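Trainee: Sequence and predicted structure, then a few things I'm wondering about:
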Amino acid sequence: MKVFYLIIGTLILISGCGRFSNKDQKQDHKERIVCISKQYSEIVYALHAQDDIVAVDVSSTYPPDIKKLPTVGYHRALSAEAILAMKPTLILQDNNIGPEHVVRQLNDLKIPMKNFKSYQNSIAGTDSLIREMGAYFHRERRADSLCIKLDHDMKVAEERAIQFKTPVRVLIIHFGQASNIYLVMTKKSTAARMIEWAGGTMAVEDEKGMKQISPEIVALSDPDVILLTDFGYDRLGGSADKIRELPGVASTRACRNHRIFRIEEHDLVYLGPRTGENVLLVQKLIHQDAGSGK
């Protein structure tokens, strides 16, 4: 677990060293909303309802314009001071924030907090969440359009997936490599559902959505395709040669067939308005012919 906490610490450090602006760029908000949920943040922007958002958590990275906002830190390692500095009139959060003493502080200060009830980890649940948020922000028509597109894209992906008789085995390396340990996504993750919808299957099982594994386990999993999220891929400079030399990765079928691809972390870890688009993207990546990778 030391590697996991090192990663979290890195994320918190990033939040305070210039990746996001530390100044509130807007001064004319009717409300001052701090949004502490990457899923909520994307939906708010997709609804065109972001005018009163003054800050987000560090994991809210889509759409790109959201990076212009100040950040209040990692959603499970918040500080009351960072949130209060934004003078919020409302906090949007998805019941996945912490630590507990900070949540108690915010409750004691009686800062209004809102979470939306409709969501279940499914396309139908995502439609419901989008519509609930659309009603809250008075963007019902926009919410309807987002749901129609999501459902259409998912139908296209489902029809295409039928042609793939043998599921492609996929390994998703989430944060690259640290101390010869990889953090990977498993069959219990949201990403696994997306891979399944795209006509693939995850190479690693576990009771949790994330698992730390050794290079030896990476080699034994022998995936057909490796998806490396942006954090790890970009840290290696996007160099295909460096990626293929990673311990454990080098001996996999995916490496031999040049089927290692970069993917944005925020395209895989939650369901939202772009999930249909993202499943189609994954589908295109994992079903490419061997030898066509980067």
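Mentor: Arrived safely, thanks for sending.
Trainee: From here on, just use CA atoms for contacts and neighbour counts.
Mentor: Will do.
Trainee: Break this structure into its domains for me.
Mentor: For the chain, automatic domain parsing gives the domain ranges 11-115, 168-286.
Trainee: Quick one: closest of the ones you listed to Glu159.
Mentor: Glu159 sits nearest to domain 168-286 of all the domains of the chain, at 9.8 Å, using C-alpha to C-alpha.
Trainee: In the protein, which strand is the longest?
Mentor: In terms of residue count, the longest strand belonging to the chain (DSSP state E) is strand 168-178.
Trainee: Quick one: distance of it to the chain centre.
Mentor: Taking C-alpha atoms, centre = their mean, to the nearest Å, one finds strand 168-178 lying 14 Å from the centre of the chain it belongs to.
Trainee: Check stretch 85-98 too.
Mentor: Centre-to-centre, stretch 85-98 and its host chain are 19 Å apart (C-alpha atoms, centre = their mean).
Trainee: Could you check how far Asn180 is from His174?
Mentor: Using C-alpha to C-alpha, to the nearest Å, Asn180 is found at 14 Å from His174.
Trainee: picking up where we left off before, can you list the strands that the longest strand of the chain pairs with?
Mentor: Paired strands of strand 168-178, with direction, are strand 181-185 (antiparallel), strand 200-202 (parallel), strand 225-229 (parallel) (DSSP bridges).
Trainee: quick one on the thing from earlier: between Asn180 and His174, which has more neighbouring residues?
Mentor: His174 (25 against 14; other C-alpha atoms under 10 Å).
Trainee: Contacts only, for Ile226.
Mentor: For Ile226, the contacting residues are Val170, Leu171, Ile172, Ile173, Ala254, Cys255, Arg259, Ile260, Phe261, by C-alpha atoms under 8 Å, 6 or more residues apart in numbering.
Trainee: for the stretch 1-150 of the chain, what spans make up the helices?
Mentor: For the stretch 1-150 of the chain, the helices defined by DSSP state H, counting those that start in this stretch cover 2-15, 38-46, 80-84, 100-108, 123-136, 140-161.
Trainee: Can you pull out the residues in contact with the shortest one?
Mentor: When contacts are taken as C-alpha under 8 Å, 6+ apart, the neighbours of helix 80-84 outside the stretch itself are Val34, Val72, Gly73, Val102, Gln105, Leu106.
Trainee: between these, which is closest to Gly134?
Mentor: Distances from Gly134 to the contacts of helix 80-84, taken by C-alpha to C-alpha, are shortest for Val34, at 17.5 Å.
Trainee: For the closest one, give me its contacts.
Mentor: Ile53, Val54, Ala55, Val56, Ile83, Met86, Pro88, Leu90, Ile91, Leu92 are the contacts of Val34 under C-alpha under 8 Å, 6+ apart.
Trainee: what bridges to the first one?
Mentor: According to DSSP bridges, the partner residues bridging Ile53 are Ile33.
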